[in-house]
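Peer 1: Generate coordinates for the sequence data below:
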Amino acid sequence: MADIVLPSKALAVNPLKASQPIGASLAFLGLARAMPLEHGARGCTSFNKLFFMRHFHDPIALQTTAMDQMTTVLGADDAVVEALATICDRNRPAVIGLISTGLSETQGADIPRTVAAFRTACPRHDRVAVIPVSAADTLGCLETGFSAAVEAIIAALVPATTAATVPLRRSGQVNVLAPAMLTPGDVEAVRDWIGAFGLTPIILPDIADSLDGHLIPEGFSTLTYGGTPREAIATMGQSIATLVIGPSLDRAADLLRARTGVPDHRFAGLIGLDACDAFTRTLAEIADAPVPPILERRRAQLLDAMVDCQFQLGGARVAVAADADLLAALTRFLSGMGAEVVAAVASARAGHLAELPVDSVVVGDLEDLEWLAREHGAEVIVTNSHGAEIAKRLGTALLRAGFPIYDSHGAHARTWTGYGGSRQLLFDVANLLAGHYQELRPYRSRFWQGTRRDDEAGRHTPC
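Peer 2: Predicted coordinates for the structure are as follows:
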């Protein structure tokens with residue numbers, strides 16, 4: 001059991017976390033024909049949009065109500081109604097995610113009442129789903145904002161099942177609740193993994209279909225380029241099972257099970273041999289089918305990679321900083337390979353962090369990571385691109401993980417999960433350790449008189 005160390009500093013010196021509105025917007029970017037609308041100041045949304053564009057290297061569908069001094073003091077209900085109507089008239093989305101921010105939360109905005117006012121004023125747009133999400137910047141992190149948005153999407157778009165309206169199950173259809181820690185490459189890998197058993201997944205949200213960097217025949221769209229269709233979300237109650245990845249989505253999973261009665265299977269992560277085996281066994285049970293040969297081969301490749309890299313990772317000192325789900329998955333994986341996680345820093349508190357195989361988990365920022373990494377002599381730092389300067393100062397290797405990654409092309413498309421993703425992660429960490437190997441300085445006796453050996457002077461004794 002790990003001790004959870006809460007922050008004692010008055011402020012974050014080198015922030016690790018991204019805000020809740022970023023996470024909530026990311027969830028809506030995984031829906032088809034969607035438009036996230038952040039209810040706050042123009043500058044806040046511009047900052048969030050810049051984060052997305054630098055990470056995904058693509059245009060991002062994101063709008064703002066552009067609160068100014070007047071609307072902040074006197075109320076912004078009319079501005080929200082106008083913004084919703086303008087988006088519906090110009091873009092014709094299927095879904096609008098209305099996301100509160102720190103400014104609107106402090107102002108005391110009543111988002112549900114504003115949505116009701118919009119319905120009254122604009123009945124012509126009744127077919128557009130407007131989903132409100134409370135996501136104050138002062139609380140939580142990207143992961144908690146993402147989870148709140150997924151929960152709100154389920155509450156708004158998945159019909160509740162009653163005793164009189166039990167739906168017929170669709171053979172082979174499964175639900176997948178995908179967490180914020182999955183990249184578009186991860187989501188694509190999960191879809192292929194499930195498809196290998198002949199199952200058809202409904203992934204919520206599906207950022208692989210909208211943020212993987214593909215081009216569309218139209219050239220450009222003001223809405224999301226892909227994602228989970230609203231119609232598909234409405235059929236989640238007809239699935240035979242739900243696969244929940246990451247503890248951050250437990251509340252959303254509870255809601256989905258309560259509304260639909262579909263049994264669920266929950267996984268802390270999909271990185272590492274044990275985690276992958278658990279997911280594969282569950283899929284085999286749901287499909288009532290043997291494990292496909294391609295997965296058997298991928299598993300054998302991961303086992304071979306574990307043998308190849310055990311000496312490099314064994315005893316290596318690693319410092320990790322990330323949101324709770326990703327931090328837990330990476331910590332378990334690295335510890336299982338014999339590495340010593342000397343520093344674990346989370347962006348926000350989560351109950352499951354106490355179960356990690358480390359002495360303590362610090363809820364803090366990247367300054368805390370730097371202090372701990374220096375104190376314990378970390379050889380590799382695992383965090384987002386903001387950790388690059390820390391790695392330079394400490395002379396350690398940096399493995400970029402999490403959000404944002406803005407100084408590495410293709411990072412958003414990288415696959416971390418599954419047998420193949422775990423294998424590549426092993427190779428990457430082993431290569432970083434090998435590349436930053438430092439020779440031990442030669443021992444010098446205190447009686448040394450300053451003479452040098454031939455090899456130290458640049459001369460070699462002939463054989």
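
Peer 1: got the CA coordinates for the host helix or strand of L330 in CSV?
Peer 2: For L330, the host element (DSSP states H and E) is helix 324-336. The C-alpha coordinates for helix 324-336 follow below in CSV (Å, rounded to 0.1, in the frame of the first residue of the first chain):
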residue,chain,number,x,y,z
ALA,A,324,-3.8,8.8,-12.0
ASP,A,325,-4.8,6.1,-14.5
LEU,A,326,-1.7,6.4,-16.6
LEU,A,327,0.5,6.8,-13.6
ALA,A,328,-0.9,3.5,-12.1
ALA,A,329,-0.6,1.6,-15.4
LEU,A,330,3.1,2.7,-16.0
THR,A,331,4.1,2.1,-12.4
ARG,A,332,2.7,-1.4,-12.3
PHE,A,333,4.3,-2.2,-15.6
LEU,A,334,7.8,-0.9,-14.7
SER,A,335,7.7,-2.4,-11.2
GLY,A,336,6.7,-5.7,-12.7
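
Peer 1: Would you quantify the distance from R414 to A401?
Peer 2: Distance of R414 to A401, computed by Cβ to Cβ, to the nearest Å: 9 Å. Where you see a C-beta, it was placed from the backbone N, CA and C, and this is true even at glycine.

Peer 1: roughly how far is the helix holding L330 from the heart of the chain?
Peer 2: A distance of 13 Å separates the centroid of the chain from that of helix 324-336, by Cα atoms, centre = their mean, to the nearest Å.

Peer 1: What helices and strands are in contact with it?
Peer 2: If you count contacts as 3 or more Cβ pairs under 8 Å, 6 or more residues apart in numbering; DSSP states H and E, helix 324-336 packs onto helix 273-287, strand 317-322, strand 340-346, helix 418-435.

Peer 1: what about R33, neighbour count?
Peer 2: R33: 21 surrounding residues under other Cβ atoms under 10 Å.

Peer 1: ok, for it, nearest residue in space, not its chain neighbours?
Peer 2: Nearest in space to R33, with sequence neighbours left out and distances taken as Cβ to Cβ, 6 or more residues apart in numbering, is A94 at 4.1 Å.

Peer 1: That neighbour contacts A129, correct?
Peer 2: Yes: counting by Cβ atoms under 8 Å, A94 does reach A129; the two are 6.8 Å apart.

Peer 1: what's the overlap in contacts for these two?
Peer 2: By the contact definition Cβ atoms under 8 Å, 6 or more residues apart in numbering, A94 and A129 are jointly contacted by R230.

Peer 1: what comes up buried for the helix holding L330?
Peer 2: Under the neighbour-count criterion of 16 or more other Cβ atoms under 10 Å, helix 324-336 has 324-336 buried.

Peer 1: Now do it against helix 273-287, angle only.
Peer 2: 120 degrees (axes from the mean of the first three to the mean of the last three Cα atoms, to 10 degrees).

Peer 1: need the contact list for A234.
Peer 2: Counting by Cβ under 8 Å, 6+ apart, A234 touches L157, V158, P159.

Peer 1: nope, F279 is what I meant
Peer 2: Contacts of F279 by Cβ under 8 Å, 6+ apart are W193, L243, F267, L270.

Peer 1: Next, count neighbours for P7.
Peer 2: 13.

Peer 1: How about the contacts made by the closest residue to it other than its chain neighbours?
Peer 2: Of all residues not flanking P7 in the chain, G364 sits nearest, at 5.0 Å (Cβ to Cβ, 6+ apart). By Cβ under 8 Å, 6+ apart, G364 lies in contact with V5, P7, K9, A12, L16, V345, A346.

Peer 1: Among the residues you listed, name the ones in helices.
Peer 2: Among the contacts of G364, DSSP state H puts none in helices.

Peer 1: from those residues, which is closest to Q449?
Peer 2: When these are compared for distance to Q449 (Cβ to Cβ), V345 wins out at 47.6 Å.

Peer 1: Now that closest one. Nearest residue, chain neighbours left out?
Peer 2: V345's closest residue in space is A321 (Cβ to Cβ, 6+ apart), at 3.9 Å.

Peer 1: can you check D137 too?
Peer 2: Distance criterion Cβ to Cβ, 6+ apart; nearest residue to D137, sequence neighbours excluded, is G102 at 3.5 Å.

Peer 1: I'd like to know how far the residue lying closest to G30 once chain neighbours are set aside sits from A34.
Peer 2: Distances taken as Cβ to Cβ, 6+ apart place P205 nearest to G30, at 2.5 Å, with adjacent residues excluded. Per Cβ to Cβ, P205 is found 9 Å from A34.

Peer 1: How about N48?
Peer 2: Distance of N48 to A34, computed by Cβ to Cβ: 15 Å.

Peer 1: which helices and strands sit right next to the one helix or strand K392 maps to?
Peer 2: Using DSSP H and E, K392 falls within helix 388-394. Counting contacts by 3+ Cβ pairs under 8 Å, 6+ apart, helix 388-394 packs against helix 366-376, strand 380-383, strand 397-400.

Peer 1: Let me have the ones you listed in CSV, extended by distance to Y406, mean pLDDT and mean neighbour count.
Peer 2: As requested, the helices and strands packed on helix 388-394 are exported to CSV (distance: least, Cβ to Cβ, whole Å; pLDDT from 0 to 100; neighbours: other Cβ atoms under 10 Å):
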stretch, distance to Y406, mean pLDDT, mean neighbour count
helix 366-376, 15, 96, 20
strand 380-383, 13, 97, 26
strand 397-400, 9, 96, 20
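
Peer 1: just so I know, which of the ones you listed lies nearest E151?
Peer 2: With Cβ to Cβ as the measure, strand 380-383 is the member of those nearest E151 (27.2 Å).

Peer 1: Sketch out the low-pLDDT regions of the chain for me.
Peer 2: Scanning the chain for pLDDT under 70 picks out the ranges 73-74, 163, 437-442, 451-463.

Peer 1: Can you name the residues that contact the closest residue to R257 other than its chain neighbours?
Peer 2: Closest residue to R257 in three dimensions, ignoring its sequence neighbours and counting by Cβ to Cβ, 6+ apart: D264, at 5.5 Å. Shown in contact with D264 (Cβ under 8 Å, 6+ apart): N175, A241, T242, L243, V244, A253, L256, R257.
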